[in-house]
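>>> 3D, please:
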Amino acid sequence: MSGAKFTDEFKRDAVAQVEDRGYPVREVAERLGVSTKSIYTWQKQFSRPAKVIQEVDAQADEIRRLKRDLLRVTEERDILKKATAYFARESR
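Numbering: from 1, shown residues only. Okay, here's the model as predicted:
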């Protein structure tokens with residue numbers, strides 16, 4: 001298929017098969033009917049730089065930490081609400 005034009009979606013899917021799903025470049029190229037050179041070129045074109053990946057990982061870690069903190073604080077709030085209601089009933 002020399003000279004064929006492929007959509008960005010097609011190219012991104014090919015790259016995802018290699019990077020995300022772990023298929024060998026040669027296998028993906030044969031299955032899609034493109035050259036391995038094309039796949040490598042598309043990887044360079046669409047892959048995120050290592051710095052961006054590290055930033056995304058750091059953000060994901062921060063989100064997980066914040067969710068844990070939110071869960072803990074929510075549980076503490078609920079306990080305090082129950083205690084307040086209990087002591088309000090007791091003082092009557």
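>>> can you give me the helices for the protein?
Per DSSP state H, the chain carries helices over the ranges 8-19, 25-32, 36-46, 50-90.
>>> CSV for these, including mean neighbour count and mean pLDDT?
Using the backbone N, CA and C atoms, a C-beta is placed for each residue, glycine as well. Converted to CSV, the helices of the chain look like this (neighbours: other Cβ atoms under 10 Å; pLDDT from 0 to 100):
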stretch, mean neighbour count, mean pLDDT
helix 8-19, 16, 92
helix 25-32, 15, 96
helix 36-46, 14, 93
helix 50-90, 10, 93
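>>> excluding chain neighbours, give the residue nearest to Ser38 in space.
Once flanking residues are discounted, Ser38 sits nearest to Ala29: 7.1 Å by Cβ to Cβ, 6 or more residues apart in numbering.
>>> any figure for the gap between that neighbour and Arg12?
Distance of Ala29 to Arg12, computed by Cβ to Cβ, to the nearest Å: 15 Å.
>>> now do Ile79
Counting by Cβ to Cβ, the gap from Ile79 to Arg12 is 48 Å.
>>> for Ala58, same thing?
Applying Cβ to Cβ, the value for Ala58 to Arg12 is 24 Å.
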